[in-house]
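1. here's my sequence, what's the structure:
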Amino acid sequence: MSWQSPPTLLQLAIQSLLRNEALAISALQDLPMEVFPPLFKEASIQRKAKMIKGLVADWPYPCLPVGLLMRNPNLETYQAVLDGADTWLKRKFRPRKPNLQVLDMRNVQYDSCDMRAEREGRDSWMKTVLEKQVVKGQPRSTVRCLKVVSDLAFMCSPNVYQTQLLKWAEKRKGSLKLYCVKMEIGASEVYRALKVLQFLQPEFIKEVKLNTVSGLPALASFAPCISKMSNLRKLQLLRIFGKSNHTHKEEKHITKIISVVSKLNHLQHLTIHDVYFLKAHVEQLFRCLKPSLESLSITYCQLLQPDLESFAQGWNHCQLKQLSLKGTVLLGLDVTPLKFFLESIAETLRILELEYCKMKDHQLGLLLPALRQCSQLTCINFYDNDISMDVLKNLLHSAASLSQLTMELYPAPAEVYDVHGYVIEERFSHYCAELMNTVILVRQPQSICFGSYNCYDCNMRYVYEEKTKPCDCSQEIQEDDFED
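-> Predicted coordinates for the structure are as follows:
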């Protein structure tokens with residue numbers, strides 16, 4: 001027999017209010033403040049649009065986190081929130097204090113500001129949002145402007161809720177301010193985003209992701225908008241394709257795009273993934289980077305030797321904690337500049353990803369002295385490099401002095417493959433076990449794996465931790481053999 005706790009008095013009161021919706025709405029101004037959040041949640045679950053509208057209009061806290069209180073809305077309840085905000089905007093008399101100042105529409109856990117901030121002390125983000133637009137010398141109580149916060153994604157398939165919000169906000173841009181914290185722009189959507197940015201507050205945007213933006217002219221047209229995002233913390237340029245031979249006009253576009261980085265004084269995370277025009281422009285990029293940068297990710301980009309030479313130049317990288325060159329092929333290049341670069345960031349670097357760089361023994365050998373100096377490393381990834389058994393042992397001995405390591409990913413030695421590049425399982429198990437013993441003799445690793453290249457047939461790796469785990473197709477063959 002199962003026992004269920006009886007409902008609390010607050011739960012009973014909320015259910016009673018929702019059963020008598022019209023009466024409850026008329027009495028909202030007399031309800032205790034503490035009732036509003038749970039009542040909003042339950043009204044959202046029961047899709048009580050009129051109640052939601054009334055709760056927004058009479059919201060007693062300075063901030064309403066809609067994304068936390070209203071999960072899985074439909075268009076009717078979402079519109080009810082906007083209608084409630086309209087009622088609040090039109091109302092001249094507001095009997096409660098503090099009254100609504102920030103309407104947060106983001107669908108995220110609400111950890112950036114608290115709806116009780118007026119009583120308990122605002123965090124820096126809330127304080128900035130509430131105070132930024134106050135006219136100098138004017139008492140805050142006279143300011144009649146609602147701040148609306150939302151993450152925005154401009155993709156090929158429009159979000160109906162976002163479309164609803166933007167139409168509503170554009171019509172009311174004289175009486176409210178629209179803030180965006182995270183913005184993502186997909187293929188062919190740059191110009192739609194530019195239109196919305198005309199009534200956004202760019203200084204509050206903290207993250208921008210430009211994903212598969214086709215055409216340098218479109219990207220260059222967006223560059224001036226990024227330069228106005230004075231508090232941008234994270235910038236991602238992903239999968240931007242084009243021809244490798246640039247015209248003079250295209251070179252001007254590239255210069256305009258890269259130079260934007262120099263204006264982002266608070267940029268902490270920069271990701272450039274599969275971007276064709278970075279080749280022969282890395283030095284230009286590095287000249288634009290600021291000391292605030294904490295992570296640099298240049299992945300699946302083609303680099304030339306002059307690009308790699310740029311790593312040895314003096315630039316502002318004193319706080320860099322993460323470096324990823326995954327998928328950036330170093331085969332045939334002199335990695336000595338990368339060695340100097342690792343030495344320069346040895347005191348701060350925590351994560352190093354050199355996966356699928358296709359390095360050979362002599363290249364990794366050049367990096368080992370610098371690697372030994374990176375005493376703060378917690379994670380290293382050397383998967384998918386062509387390294388022999390002897391050099392891998394040297395790498396493991398170098399890592400023995402890195403006491404902060406919590407995750408280590410190493411390539412299986414080159415000796416485990418046949419002439420066609422397929423893994424010979426017996427060799428894989430034998431050599432990886434020997435490498436594991438090499439590590440255990442000098443230290444106790446927290447998490448360490450040896451992995452092969454991805455299988456040609458199933459695209460999965462052989463992995464060795466405590467024992468060998470074959471790729472999927474090899475495992476299926478073994479299971480079939482066992483059944484026979």
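2. ranges for the strands of the stretch 1-150 of the chain?
-> For the stretch 1-150 of the chain, applying DSSP state E, counting those that start in this stretch gives strands covering 63-65, 102-104, 146-149.
3. and what of the stretch 251-400 of the chain?
-> 269-275, 295-299, 322-324, 351-353, 379-381.
4. for the last one, which strands pair with it and how are they oriented?
-> Taking DSSP bridges as the criterion, strand 379-381 sits next to strand 351-353 (parallel), strand 407-411 (parallel) in its sheet.
5. which residues sit against it?
-> 326, 350-355, 399, 402, 405-409 (C-beta atoms under 8 Å, 6 or more residues apart in numbering). Bear in mind the C-beta positions are built from the backbone N, C-alpha and C, glycine included.
6. of those, buried ones?
-> Those of the contacts of strand 379-381 that meet the buried threshold are Lys326, Arg350, Ile351, Leu352, Glu353, Leu354, Glu355, Ala399, Leu402, Leu405, Glu408, Leu409, by 16 or more other C-beta atoms under 10 Å.
7. can you count the residues close to the nearest residue to the fourth one once chain neighbours are set aside?
-> Read that as Leu352. Leaving aside its chain neighbours, Leu352 sits nearest to Ile380 (5.0 Å; criterion: C-beta to C-beta, 6 or more residues apart in numbering). When neighbours are defined as other C-beta atoms under 10 Å, Ile380 has 23 of them.
8. quick one: Ile380 from Arg427, how far?
-> 24 Å (C-beta to C-beta, to the nearest Å).
9. where does the stretch 51-200 of the chain dip in pLDDT?
-> Within the stretch 51-200 of the chain, the ranges that satisfy pLDDT under 70 run 93-98, 108-144.
10. which residues touch the residue nearest to Arg427 when sequence neighbours are not counted?
-> Distances taken as C-beta to C-beta, 6+ apart put Val416 closest to Arg427, at 4.6 Å, once the chain neighbours are dropped. Residues near Val416 by C-beta under 8 Å, 6+ apart: Val423, Ile424, Arg427, Phe428, Tyr431, Cys432, Ser452, Tyr462.
11. show me which of these are buried.
-> When the contacts of Val416 are checked against 16+ other C-beta under 10 Å, the ones flagged as buried are Val423, Phe428, Tyr431, Cys432, Ser452, Tyr462.
12. residues near the residue nearest to Ala57 when sequence neighbours are not counted, how many?
-> Leaving aside its chain neighbours, Ala57 sits nearest to Thr87 (3.9 Å; criterion: C-beta to C-beta, 6+ apart). The local packing of Thr87 (other C-beta under 10 Å) involves 13 other residues.
13. Leu377 too?
-> Neighbours of Leu377 (other C-beta under 10 Å): 21.
14. how close does it get to Trp315?
-> 21 Å.
15. what residues are up against Arg350?
-> Applying C-beta under 8 Å, 6+ apart, the residues near Arg350 are Lys321, Gln322, Gln376, Leu377, Thr378, Cys379, Gln404.
16. mind running it again at 6 Å?
-> Lys321, Gln376, Thr378 (C-beta atoms under 6 Å, 6 or more residues apart in numbering).
17. repeat for Ala153
-> Going by C-beta under 6 Å, 6+ apart, the list of residues near Ala153 reads Glu184.
18. could you say which helix or strand holds it?
-> strand 152-154 (DSSP states H and E).
19. helix or strand next in line after that strand, which one?
-> Next along from strand 152-154, by DSSP H and E: helix 160-171.
20. tell me which residues in that next one are buried?
-> Applying 16+ other C-beta under 10 Å to helix 160-171 flags Tyr161, Gln162, Leu165, Leu166, Trp168, Ala169 as buried.
21. on that earlier part again, so for Ser388, which of the strands of the stretch 251-400 of the chain sits nearest?
-> strand 379-381 (18.4 Å; C-beta to C-beta).
22. pLDDT averaged over that closest one - what is it?
-> For strand 379-381, mean pLDDT rounds to 98.
23. how many other residues sit next to Thr247?
-> With other C-beta under 10 Å as criterion, Thr247 counts 10.
24. can you report phi and psi for it?
-> phi -80, psi 170 (degrees, to the nearest 10).
25. confidence score at it?
-> At Thr247, pLDDT is 86.
26. Pro217 versus that one, what's the distance?
-> For Thr247, the distance to Pro217 - C-beta to C-beta - is 12 Å.
27. try His362
-> Counting by C-beta to C-beta - His362 and Pro217 are separated by 43 Å.
28. next: Arg239.
-> 17 Å.
29. of those two, who's got more company?
-> Taking other C-beta under 10 Å, Arg239 and Pro217 do not tie; Arg239 has more neighbours (15 against 12).
30. now the angle from the strand or helix carrying the more buried one to strand 269-275?
-> Using DSSP H and E, Arg239 falls within strand 234-240. With axes from the mean of the first three to the mean of the last three C-alpha atoms, to 10 degrees applied, the angle from strand 234-240 to strand 269-275 works out at 0 degrees.
31. what's strand 234-240 packed up against?
-> With contacts taken as 3 or more C-beta pairs under 6 Å, 6 or more residues apart in numbering; DSSP states H and E, strand 234-240 sits against strand 207-211, strand 269-275.
32. can we see that at 10 Å?
-> strand 182-185, strand 207-211, helix 216-227, helix 248-259, strand 269-275, strand 295-299 (3 or more C-beta pairs under 10 Å, 6 or more residues apart in numbering; DSSP states H and E).
33. check which element follows the shortest one along the chain.
-> Sequence order places helix 190-197 as the next helix or strand after strand 182-185, per DSSP H and E.
34. what does that following helix contact?
-> 152-155, 158, 162, 166, 169-170, 178, 180, 183-186, 200, 205, 208, 210, 213-215, 217-222, 224-226, 228-229 (C-beta atoms under 10 Å, 6 or more residues apart in numbering).
35. enumerate the positions of that helix that are buried.
-> Val190, Ala193, Leu194, Val196, Leu197.
36. what's the span of stretch 195-205, first residue to last?
-> For stretch 195-205, the first and last residues are 16 Å from each other (C-alpha to C-alpha, to the nearest Å).
37. that stretch: which residues count as buried?
-> Applying 16+ other C-beta under 10 Å to stretch 195-205 flags Val196, Leu197, Leu200, Gln201, Pro202, Phe204, Ile205 as buried.
38. for it, the distance to its chain's centre please.
-> In terms of C-alpha atoms, centre = their mean, to the nearest Å, the centre of stretch 195-205 is set 20 Å apart from its chain centre.
39. still on that earlier bit, and the strand holding Arg239, what's buried?
-> By neighbour count with 16+ other C-beta under 10 Å, strand 234-240 contains the buried residues Lys234, Leu235, Gln236, Leu237, Leu238, Ile240.
40. any chance you could list what contacts stretch 42-53?
-> 11, 14-15, 17-18, 21-22, 24-25, 28, 39-40, 54-55, 66, 69-87.
41. next one: it to chain centre, how far?
-> Counting by C-alpha atoms, centre = their mean, stretch 42-53 comes out at 32 Å from the chain centroid.
42. next, the buried residues of it.
-> For stretch 42-53, by 16+ other C-beta under 10 Å, it's Glu42, Ala43, Ser44, Lys48, Ala49, Met51, Ile52, Lys53.
43. and the furthest pair within these?
-> Glu42 and Lys53 (15.0 Å).
44. pLDDT weak spots in the stretch 301-450 of the chain?
-> 316-317.
45. which residue ranges form the helices in it?
-> 305-309, 336-344, 361-373, 389-399, 425-440 (DSSP state H, counting those that start in this stretch).
46. and the shortest one, what does it pack against?
-> Of the remaining helices and strands, those touching helix 305-309 by 3+ C-beta pairs under 10 Å, 6+ apart are helix 282-288, helix 336-344.
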